[in-house]
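Participant: Would you be able to build a 3D model of this:
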Amino acid sequence: MSISPTDPSAGPSGAAPPPGCPAHGLDAEGISRLYGPDAEADPMALYNQLREKYGEVAPVLVPGDVQAWLVLSHAGNLRVLNNPLQFSSDPRNFNQVIGPEHPLAPITFRQSLINFADGEEHKRLRAAVTDVLAKVNTRGVRQRITQAVNDLVAEFAPEGRADLVKDVAEHLPMIVMSRLVGIDDVPAQRLAEACRDLMQGTPTAVDSNKFLLETLYQLVETKKTAPGRDLASWLLEHEAGLEDKEVVEHLRHILVASNETTVNLISDALRVALTHTAFRAHLAGGSMTVPDALDDVLWNNPPLRVLPARYAVGDITLGEQEIRGGDMVLNGIAAGNVDPLIRPDLSSRMSGNRSHLAFSSGPHECPGQSLGKTIAEVAIDVVLAGLPDLQIDLSEGELTRTPTWTSSHLDTLPVVFTPVKVQRRPTGAMPLAGAAMPAEQPATAAVFPPAEQPAPVAGTPRPSWWRRLLRLR
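Facilitator: Numbering: from 1, shown residues only. Next up is the predicted model:
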């Protein structure tokens with residue numbers, strides 16, 4: 001069985017534009033690239049320049065100098081996301097041709113996947129994904145997340161210093177998601193690296209994609225004869241009748257979509273909590289909950305700043321641009337979130353406002369957003385509650401990022417704190433679906449307070465990290 005998603009027969013069906021006739025009707029010379037050191041170092045500056053020059057939609061080039069349109073306005077993004085009859089997710093509508101080894105092949109060649117389908121096919125596939133995600137035991141998964149964070153923190157808590165990106169954020173999402181999917185024989189970090197690489201349009205993106213697919217095909221073969229209580233088994237059993245390839249593609253999508261976005265959300269939420277005085281004060285004073293704080297981060301630092309891709313079904317006017325049938329349209333999530341028409345004052349708090357674009361919108365809105373936010377919420381609660389006197393060990397200006405054309409990954413978040421004597425919770429099997437959690441097991445609990453203090457459990461008042469944050473101002 002071939003596992004490559006880059007079979008040319010599965011790719012775009014449109015003919016390449018004739019010579020001298022770029023996809024968006026403009027001479028490619030002088031058009032801004034969304035990728036490369038200059039563009040990726042300060043994307044907001046680029047978005048502002050494009051907005052000033054072109055309005056709410058701008059012509060751009062993406063890796064491999066593939067031509068596309070970038071939507072910069074909040075309203076324009078919603079129009080594209082909410083109108084699949086005008087802007088299709090099916091890359092067979094694409095009017096440019098790229099080869100199977102192209103760095104964008106893993107995310108632009110059509111696959112049997114919800115984010116490449118429209119209409120009835122999309123409804124069938126999405127029903128399978130939403131149904132199996134609904135089977136996840138909420139209390140069980142929160143308990144699993146809590147234990148996973150505890151285990152990560154236990155490695156460095158006695159040292160009094162850590163890097164919250166490399167030691168927590170980059171590990172946690174895949175530890176949780178690989179268990180949910182049903183993978184127990186491949187290191188979570190190896191899966192996370194492959195998922196991040198295939199989204200970045202790097203020269204190794206195709207190889208990373210093949211590794212992930214090989215792993216998932218092996219998983220599906222195992223689950224067909226030895227099913228368990230996991231997403232892979234449930235997709236195989238679902239009444240939608242998914243073929244093996246469809247199951248594999250959706251498992252890959254779940255891992256890829258949940259990993260890098262959640263890593264970025266955790267990293268940036270912790271960064272803001274440790275570097276922004278007003279943010280800390282609102283958290284510490286109780287006027288902002290952790291879920292509200294995450295909304296603020298999702299407005300200002302969305303985990304994905306560019307969402308590929310939609311394809312114009314026919315000639316259409318968007319903003320002031322004449323878009324031709326088959327043109328690639330990219331949703332500028334970060335640009336739309338700072339649209340001056342809806343946010344004239346970027347310093348205003350956005351906590352509690354969930355009209356950001358971070359989870360997309362319309363029929364393709366992220367079905368796993370609740371799970372991703374839960375992972376981030378529990379991680380932040382446990383880390384801040386369990387590490388006394390937590391302080392960042394660099395100024396915010398010294399923090400570096402590894403940007404790509406679709407996202408920006410915080411490289412490091414060094415912190416210092418009073419060393420903690422760790423009491424590790426015994427490892428045990430925790431139900432991630434099906435049966436309810438036993439009553440004596442709290443859904444969330446921070447188990448890294450100073451040794452002389454009892455561990456806070458669900459239902460008790462907010463832990464003392466709220467007060468400690470105030471003292472750090």
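Participant: what helix or strand is residue 346 on?
Facilitator: Using DSSP states H and E, residue 346 sits in no helix or strand.
Participant: contacting residues for it?
Facilitator: 300, 338 (CB atoms under 8 Å, 6 or more residues apart in numbering). The C-beta positions use only the backbone N, C-alpha and C, and glycine is treated the same way.
Participant: Just the pLDDT for it.
Facilitator: Model confidence at residue 346, given as pLDDT, is 85.
Participant: Same question for residue 160.
Facilitator: Residue 160 is given a pLDDT of 94.
Participant: can you count the residues close to it?
Facilitator: 15 (other CB atoms under 10 Å).
Participant: and if you look at the one 3 residues further on?
Facilitator: Number of residues near residue 163 (other CB under 10 Å) recorded here: 16.
Participant: ok, it touching residue 413?
Facilitator: Yes: if you go by CB atoms under 8 Å, residue 163 and residue 413 touch, sitting 6.2 Å apart.
Participant: Now do the contacts for the residue lying closest to residue 301 once chain neighbours are set aside.
Facilitator: Nearest residue to residue 301, sequence neighbours excluded (CB to CB, 6 or more residues apart in numbering): residue 268, at 4.4 Å. Going by CB under 8 Å, 6+ apart, residue 268 touches 297, 301, 303, 410.
Participant: residues in contact with the last one?
Facilitator: For residue 410, the contacting residues are 165, 169, 264, 267, 268, 271, 399, 401, by CB under 8 Å, 6+ apart.
Participant: ok so, going back, among the contacts of residue 268, find me the one that's closest to residue 380.
Facilitator: Closest approach to residue 380 among the contacts of residue 268 (CB to CB): residue 297, at 10.0 Å.
Participant: Which SSE is immediately downstream of the host helix or strand of residue 214?
Facilitator: Element membership of residue 214 [criterion: DSSP H and E] is helix 205-225. With elements assigned by DSSP H and E, the helix or strand that comes after helix 205-225 is helix 231-237.
Participant: Look up how far residue 328 lies from the nearest residue to residue 366 once chain neighbours are set aside.
Facilitator: Leaving out its chain neighbours, the residue that sits closest to residue 366 by CB to CB, 6+ apart is residue 359, at 4.1 Å. Here residue 359 is placed at a distance of 21 Å from residue 328 (CB to CB, to the nearest Å).
Participant: Between the two, tell me which one has more neighbours.
Facilitator: residue 328 (27 against 22).
Participant: Run a quick check on the more buried one versus residue 67, I expect a contact.
Facilitator: Yes: contact criterion CB under 8 Å: residue 328 and residue 67 qualify, at 7.2 Å.
Participant: just checking, what packs against the helix or strand harbouring residue 380?
Facilitator: Residue 380 is part of helix 369-386 when elements are defined by DSSP H and E. On a contact count with 3 or more CB pairs under 8 Å, 6 or more residues apart in numbering; DSSP states H and E, helix 369-386 meets helix 138-154, helix 172-181, helix 244-275, helix 290-300, helix 465-471.
Participant: quick one, which of those helices is nearest to residue 311?
Facilitator: helix 244-275 (18.5 Å).
Participant: burial measure for residue 291, as a count.
Facilitator: The tally of other residues near residue 291 (other CB under 10 Å) stands at 15.
Participant: how near is it to residue 267?
Facilitator: According to CB to CB, residue 291 and residue 267 sit 17 Å apart.
Participant: State the number of residues packed around residue 157.
Facilitator: Counted with other CB under 10 Å, residue 157 comes out at 20.
Participant: Any stretches of the stretch 251-400 of the chain with poor pLDDT?
Facilitator: Flagging of the stretch 251-400 of the chain using pLDDT under 70 yields the residue ranges 280, 284-286.
Participant: same deal with the stretch 1-150 of the chain?
Facilitator: The stretch 1-150 of the chain contains residues with pLDDT under 70 at 1-29.
Participant: Quick one: the strands in it, in order.
Facilitator: Shown for the stretch 1-150 of the chain, the strands assigned by DSSP state E, counting those that start in this stretch span residues 57-62, 66-71, 87-88.
Participant: Generate TSV for the ones you listed, with distance to residue 185 and mean neighbour count as supplementary columns.
Facilitator: Putting those into TSV (distance: least, CB to CB, whole Å; neighbours: other CB atoms under 10 Å) gives the following:
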stretch	distance to residue 185	mean neighbour count
strand 57-62	35	24
strand 66-71	37	25
strand 87-88	38	24
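Participant: related to what we said a few turns ago, give the buried residues for the helix holding residue 380.
Facilitator: Residues of helix 369-386 classed as buried by neighbour count (16 or more other CB atoms under 10 Å): 369, 371-386.
Participant: Then stretch 213-223?
Facilitator: Buried residues in stretch 213-223, counted by 16+ other CB under 10 Å: 213, 215, 216, 217, 219, 220, 222, 223.
Participant: Please save the CA atoms from it in PDB.
Facilitator: Extracted C-alpha coordinates of stretch 213-223, given in PDB (Å, rounded to 0.1, in the frame of the first residue of the first chain):
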ATOM      1  CA  LEU A 213       2.200   8.400   7.900                       C
ATOM      2  CA  GLU A 214       4.200   5.200   8.300                       C
ATOM      3  CA  THR A 215       3.700   5.400  12.100                       C
ATOM      4  CA  LEU A 216       0.000   5.900  11.700                       C
ATOM      5  CA  TYR A 217      -0.500   3.200   9.100                       C
ATOM      6  CA  GLN A 218       1.200   0.700  11.500                       C
ATOM      7  CA  LEU A 219      -1.100   2.000  14.300                       C
ATOM      8  CA  VAL A 220      -4.200   1.400  12.200                       C
ATOM      9  CA  GLU A 221      -3.200  -2.100  11.300                       C
ATOM     10  CA  THR A 222      -2.700  -2.900  15.000                       C
ATOM     11  CA  LYS A 223      -6.000  -1.400  16.100                       C
END
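Participant: Give me the residues contacting stretch 254-266.
Facilitator: Stretch 254-266 has contacts (CB under 8 Å, 6+ apart) with 129, 168-170, 172-174, 177-178, 181, 191-192, 195-196, 198-199, 212, 231, 294, 297-298, 301, 303-304, 366, 368, 371-373, 375-376, 379-380, 407-410.
Participant: Distance from the chain centre to stretch 337-344, please.
Facilitator: Relative to its chain's centre, stretch 337-344 lies at 22 Å (CA atoms, centre = their mean, to the nearest Å).
Participant: Pull up the distance across that stretch, start to finish.
Facilitator: Stretch 337-344 stretches 11 Å from its first residue to its last (CA to CA, to the nearest Å).
Participant: what sits up against it?
Facilitator: Contacts to stretch 337-344, defined as CB under 8 Å, 6+ apart, come from residues 44, 47, 72-75, 299-300, 302, 346, 350, 356-358.
Participant: Quickly name whichever of those residues is closest to residue 276.
Facilitator: So of those, ranked by how close each gets to residue 276 (CB to CB), first place is residue 300, at 10.2 Å.
Participant: Please look at that closest one and residue 348 and confirm they touch.
Facilitator: No: judged on CB under 8 Å, residue 300 makes no contact with residue 348 at a distance of 10.6 Å.
Participant: quick one: which of the two has more around it?
Facilitator: residue 300 (16 against 9).
Participant: Next, the contact list for that one, please.
Facilitator: Contacts of residue 300 by CB under 8 Å, 6+ apart are 337, 338, 346, 350.
Participant: now that we have the residues you listed, which one has the most neighbours?
Facilitator: Among those, the one with the most neighbours (other CB under 10 Å) is residue 337, at 23 neighbours.
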